[in-house]
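Participant: 3D model of this:
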Amino acid sequence: MSVGFSGDVAEYYAQYRRGYPSEVLDVLQAAFAMSDEDAVLDLGCGTGQLAVPLASRVGSVIGMDPEPDMLRLARRTAARQGLRNVTWVLGADSDVPALAGLMGRRPLGMAVIGQALHWMRHEELFQALFPLCRRGGGIAVVANGAPLWLQDSDWSRVLRSCLEDYFGTRLEATCGTGADDRRRYAQALADAGFADVREDVLDYRVELAFDEVIGSVCSAIPADRLPGPQERPAFAERIRQALPSAPYREDVRVTMLIARLT
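Facilitator: Okay, the predicted model is just below:
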């Protein structure tokens with residue numbers, strides 16, 4: 001089912017959502033001993049921030065997302081890079097059981113969910129994925145840092161206040177990045193039968209220009225709430241006036257919840 005990340009939102013997502021450091025891919029590849037014979041599922045793949053770089057490390061990737069516009073942009077990125085081992089599938093977490101027919105007899109080396117699990121019924125999903133994974137394979141739940149407006153910095157707090165005032169609502173959802181979220185996910189993975197559940201962490205720092213901040217914000221606003229093209233410059237200027245001068249330092253913590261089928 002679509003969650004509203006279509007049209008211009010998908011375009012912002014493709015351009016401004018940060019990718020993942022190569023060290024994250026190294027951890028995932030080592031955790032599941034993945035090779036060029038493995039198949040990987042990227043569920044909630046968006047515009048391909050994980051699926052595309054993973055494709056060069058494994059045999060094949062299935063990128064699955066409920067938004068046609070996300071898949072269109074992911075497909076375009078893969079084509080530009082000459083990738084021929086990625087299959088793009090329109091579907092949600094509830095469609096995972098049907099993947100068995102697409103995969104044939106080939107089990108998954110890894111199913112990865114990057115910053116999308118908060119939209120899904122994770123308990124049912126983990127149970128559906130368990131029989132699709134090979135021994136030594138499993139699930140990786142990857143969170144690529146907290147939302148820009150929920151970070152421990154002065155500029156982030158200003159951004160949050162400005163957005164809450166503009167939209168008339170409190171912004172408290174951690175989008176699956178909080179410690180409580182990870183504990184719930186870890187327990188659900190164990191309950192689904194995964195015996196080896198652990199968390200790996202990678203910290204890094206970036207500096208963002210204003211365009212990157214406003215682009216990332218727009219990538220997270222559902223299409224029906226995103227200011228229209230004519231209102232968008234005023235929306236951006238309102239935030240620019242509220243924030244201190246760029247650049248904006250961001251300390252990013254990538255958490256990788258890894259669950260293996262032993």
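Participant: just checking, next helix/strand downstream of the helix or strand of the chain with the lowest mean pLDDT?
Facilitator: Scoring the helices and strands of the chain by mean pLDDT, DSSP states H and E places helix 99-103 at the bottom, with a mean of 76. Following helix 99-103 in sequence order, the next helix or strand is strand 108-114 (DSSP states H and E).
Participant: Please name every helix or strand in contact with the least confident helix or strand of the chain.
Facilitator: strand 60-65, strand 86-90 (3 or more CB pairs under 8 Å, 6 or more residues apart in numbering; DSSP states H and E). Every C-beta, even on glycine, is put in place using the N, C-alpha and C of the backbone.
Participant: Format the ones you listed as TSV; extra columns: mean neighbour count.
Facilitator: Below are the helices and strands packed on helix 99-103 laid out as TSV (neighbours: other CB atoms under 10 Å):
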stretch	mean neighbour count
strand 60-65	24
strand 86-90	17
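Participant: rewinding a little: mind listing what's buried along the least confident helix or strand of the chain?
Facilitator: Leu99 (16 or more other CB atoms under 10 Å).
Participant: for that helix, the distance to its chain's centre please.
Facilitator: Centroid separation between helix 99-103 and its chain, computed with CA atoms, centre = their mean, to the nearest Å, is 23 Å.
Participant: As PDB, could you dump the C-alpha coordinates of that helix?
Facilitator: The C-alpha trace of helix 99-103 is given here as PDB (Å, rounded to 0.1, in the frame of the first residue of the first chain):
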ATOM      1  CA  LEU A  99       8.000 -13.700  -3.500                       C
ATOM      2  CA  ALA A 100       8.600 -17.400  -3.100                       C
ATOM      3  CA  GLY A 101       7.200 -17.900  -6.600                       C
ATOM      4  CA  LEU A 102       9.500 -15.200  -8.000                       C
ATOM      5  CA  MET A 103      12.600 -16.600  -6.300                       C
END
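Participant: residues making contact with it?
Facilitator: 39, 41, 62, 64, 87, 89, 132 (CB atoms under 8 Å, 6 or more residues apart in numbering).
Participant: Go through those and name the one nearest Met110.
Facilitator: Nearest to Met110 out of the contacts of helix 99-103 is Leu41 (CB to CB; 7.4 Å).
Participant: For Leu54, see how far away that closest one is.
Facilitator: Distance, Leu41 to Leu54, using CB to CB, to the nearest Å: 10 Å.
Participant: which residues do these two both contact?
Facilitator: Joint contacts of Leu41 and Leu54 (CB under 8 Å, 6+ apart) are 61, 112.
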